[in-house]
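Participant: what's the 3D shape of this:
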Amino acid sequence: MGVMMPESQQVQNAMQPLLEIMQRLRDPVAGCPWDLAQNWRTILPHTLEEVYEVADAVDRNDAAALCDELGDLLLQVVFMAQIASDQGLFDFNDVAQGIADKMIRRHPHVFADTVYSDIKAQKQDWEVIKQQERREKAETGFFAGIPAAMPALQRSQKVQKRAAQAGFDWDDWRPVIPKIVEELVEVTEAVENGEPFARIEEEVGDVLMGAANLARQLNVNAENALRLANAKFARRFERMAVWLSHQGLSLEAASLEQMEAAWQAVKQQEHSPQAHP
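Facilitator: Predicted structure coming up:
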């Protein structure tokens, strides 16, 4: 029976082969031509794709898939760090040490002697620490640190949260509802008055931002909620098609009224799993 290694040593022993594999793939002489041709920008789409695949595994509560997808995502981090190392900029150790230092700095109640009265006080200090980090990075502007390339719905909540820290916010979610209704009315008016597309697009954007604000007030991650809603819609649509086929109808042949009836039947089936078409 072998001697059990400390968990930290096991992690190091698992990481080293991965780092060496990436170094070999990027070797100028014996490496892989495709890997050698990549840079941060060409790798980025693959990185984002892996993030979405991680999210999909989480949504499906699939532990095996999540383990696999986290490995794919880790590879992207190693890949980008190796590209930087090849240019003498930084390496994977710098990445790991940087996030370790950041976590220690942001948790003084765990790694130092700071004591918070409650979670609210802890969150307030967390924001103070992050603000100090932004100052040290010379990031200017009230919304500094919120990436412009972030998905718009997610960025909307980040921007609104930052504004709320300055006191520009409602006390709770209730006043947000009439504001969304107001924005919907403005969309209707813009369309009915034949206003330019840019104006209609602007008003629809205000509706979406209002919805994101409502989600934030309710402590709901808007991006996550919409992703789950998309999955639910796709699932119900597929089941609607099956339901129609049991009635001898295809999607192409079914009328809108028949599809709506099937849609409602599918919703009812989801609430009553014993029911069958």
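Participant: Only C-alpha atoms from now on, for both contacts and neighbour counts.
Facilitator: OK.
Participant: In the helix or strand bottoming out on mean pLDDT in the chain, which residues are buried?
Facilitator: For the chain, using mean pLDDT, DSSP states H and E, the weakest element among its helices and strands is helix 119-136, scoring a mean of 79. Neighbour-count burial for helix 119-136, counted by 16 or more other CA atoms under 10 Å, picks out 122, 125-126, 129.
Participant: Residues in contact with it: which ones?
Facilitator: 105-107, 116, 140, 144-145 (CA atoms under 8 Å, 6 or more residues apart in numbering).
Participant: Mind putting those residues into JSON lines with distance to Val242 and secondary structure?
Facilitator: What follows is the contacts of helix 119-136, written out as JSON lines (distance: CA to CA, whole Å; DSSP: H, G, I helix; E, B strand; the rest coil):
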{"residue": "Arg105", "distance to Val242": "54", "secondary structure": "helix"}
{"residue": "Arg106", "distance to Val242": "51", "secondary structure": "helix"}
{"residue": "His107", "distance to Val242": "52", "secondary structure": "coil"}
{"residue": "Tyr116", "distance to Val242": "55", "secondary structure": "coil"}
{"residue": "Thr140", "distance to Val242": "55", "secondary structure": "coil"}
{"residue": "Ala144", "distance to Val242": "49", "secondary structure": "coil"}
{"residue": "Gly145", "distance to Val242": "47", "secondary structure": "coil"}
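Participant: Among these, which pair sits farthest apart?
Facilitator: Largest separation among the contacts of helix 119-136 by CA to CA: Tyr116 and Thr140, giving 28.9 Å.
Participant: List buried members of the contacts of helix 119-136 by neighbour count.
Facilitator: The buried subset of those (16+ other CA under 10 Å) comprises 105-106.
Participant: Just give me the closest of the contacts of helix 119-136 to Ala81.
Facilitator: Of the contacts of helix 119-136, the one sitting nearest to Ala81 (CA to CA) turns out to be Gly145, at 20.9 Å.
Participant: Verify the stated contact: the closest one with Lys137.
Facilitator: No - contact criterion CA atoms under 8 Å: Gly145 and Lys137 do not qualify, at 9.6 Å.
Participant: State the distance from Lys158 to Gln268.
Facilitator: In this view, Lys158 and Gln268 are 36 Å apart by CA to CA, to the nearest Å.
Participant: The two: which has the busier surroundings?
Facilitator: For the pair Lys158 and Gln268, the greater number of neighbours falls to Lys158 (20 against 12), based on other CA atoms under 10 Å.
Participant: what about that one, which helix or strand?
Facilitator: Using DSSP states H and E, Lys158 sits in helix 152-165.
Participant: angle of that helix against helix 119-136?
Facilitator: Helix 152-165 runs at 100 degrees relative to helix 119-136, counting by axes from the mean of the first three to the mean of the last three CA atoms, to 10 degrees.
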